[in-house]
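In: here's my sequence, what's the structure:
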Amino acid sequence: MKSGNCIRFQDKEMGFEGPKAVTIHVTGFKKFEGVSENPTETLVNNLMSFQKKGLLPAGVTLGSCTVLETAGNGALPVLYKVLESGISGIDTKNEQVIWLHLGVSGAQEFALEQQAVNEATFPCPDELGWQPQKLPIVAEDGGTSWKRETTCSVEAILKFLKNKGYDVTISNNAGRFVCNYVYYHSLRFAEQKGHKSLFVHVPLFKTINEERQMQFVACLLEAIVSTC
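Out: Predicted coordinates for the structure are as follows:
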C-alpha cells in the first residue's frame, strides 16, 4: 500500500465562512487477472508529482492517495483503515470528506459510476484467491438487488468534464467485481459518517494515454471540489 497526500479547498469571502473545506481521498488498484499493469496504480502514484509540477488546478491541495490490492473480503481491513483514516481528526462542522475511487475498464471513455449493488459475483478470483458468486456484499443490508447511490453531483461533474473536452459518461453498472465491492462499502461508510464517495472507471492506457488521463484526473478533482 502506497500513500501520498490528497485535496483541500476552502473559500472565504467578505469575512464570512464559505463552503466547507473539501478533502478528497483517492484510491486506485494494483494488477489483477487479465490486467498486468493497472493504469489506476500509475495515476494515483503520479498525483503527488503532478501537483509538485503545478499541474493541478489552483486551490487543490493533496492529502491521502492509496493503491489498494485488487481483492474483496480479504482486503477489507485495509480498505476500512483507509476510510477511517480519512475522517480521523477532522472538523465535521467545517470539513467535507469525499472518497474518490479509480478503477479500470475496457471501455473507450471515462465513466462516472452512479451506484453500487449489494452483490459480489466475481468473474475470476481476486488477487487473494476469493471468487464469490451471487453473495450479498453486506448481508445485513438485505438481498443482492439492494443498491446504494452516490450523493456527489454526478450530472454537474459530467457537465464540467464535457465542457473541458473529455469523453465521459454516467454509468449505472459498476460491475460485480472488486470495483463494485469496494464502492459499495465506501458508499455505505460515507453515508454512515455524513460524507461522500464516488467511483470513476478509466480506460486502459492503450486506449487513452497516461498524459491525457492524468489531465483528466486533475480536471476531475477540480470538478468534484466545484460541485460537491
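
In: residue 49 versus residue 72, what's the distance?
Out: As for residue 72, its distance to residue 49 is 30 Å (criterion: CB to CB, to the nearest Å). Using the backbone N, CA and C atoms, a C-beta is placed for each residue, glycine as well.

In: the two - which one has more neighbours?
Out: Taking neighbours as other CB atoms under 10 Å, residue 72 and residue 49 compare with residue 72 leading, 25 against 11.

In: lowest-pLDDT helix or strand in the protein?
Out: Using mean pLDDT, DSSP states H and E, the weakest-scoring helix or strand in the chain turns out to be strand 12-13, at a mean of 40.

In: so what does residue 117 have for phi and psi?
Out: Per-residue torsions, residue 117: phi -110, psi 140 (degrees, to the nearest 10).

In: next, count neighbours for it.
Out: By other CB under 10 Å, the residues close to residue 117 number 22.

In: heads up, I number from 56, so please use that
Out: In the new count, where the first residue is 56, that last one comes out as residue 172.

In: quick one: it and residue 151, what's the gap?
Out: Distance from residue 172 to residue 151, counting by CB to CB: 26 Å.

In: likewise for residue 220?
Out: Residue 220 sits 28 Å away from residue 151, going by CB to CB.

In: not counting stretch 199-208 itself, show me its contacts.
Out: With contacts defined as CB atoms under 8 Å, 6 or more residues apart in numbering, stretch 199-208 is touched by 153, 168-174, 189-191, 239, 242-243, 245-246, 251-254, 279, 282-283.

In: residue 220 and residue 151: who's more crowded?
Out: Per other CB under 10 Å, whichever of residue 220 and residue 151 has more neighbours is residue 151, with 18 against 10.

In: does that one touch residue 75 like I think?
Out: Yes. In this structure residue 151 lies within contact range of residue 75 using CB atoms under 8 Å: 4.3 Å.

In: any idea of the pLDDT on the residue nearest the centre of the chain?
Out: Nearest to the mean C-alpha position of the chain, by CA atoms, centre = their mean, lies residue 156 at 1.6 Å. We note a pLDDT of 97 for residue 156 in this prediction.

In: for whichever strand or helix holds it, output the C-alpha coordinates as CSV.
Out: When elements are assigned from DSSP states H and E, residue 156 belongs to strand 150-159. Only the C-alpha atoms of strand 150-159 are listed here, as CSV (Å, rounded to 0.1, in the frame of the first residue of the first chain):
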residue,chain,number,x,y,z
GLU,A,150,-14.9,19.8,6.5
GLN,A,151,-16.5,17.6,3.9
VAL,A,152,-14.7,14.4,3.1
ILE,A,153,-15.0,12.7,-0.3
TRP,A,154,-13.5,9.3,-1.3
LEU,A,155,-12.7,9.1,-5.0
HIS,A,156,-12.0,5.6,-6.2
LEU,A,157,-10.5,4.9,-9.6
GLY,A,158,-10.8,1.6,-11.4
VAL,A,159,-10.0,0.4,-14.9
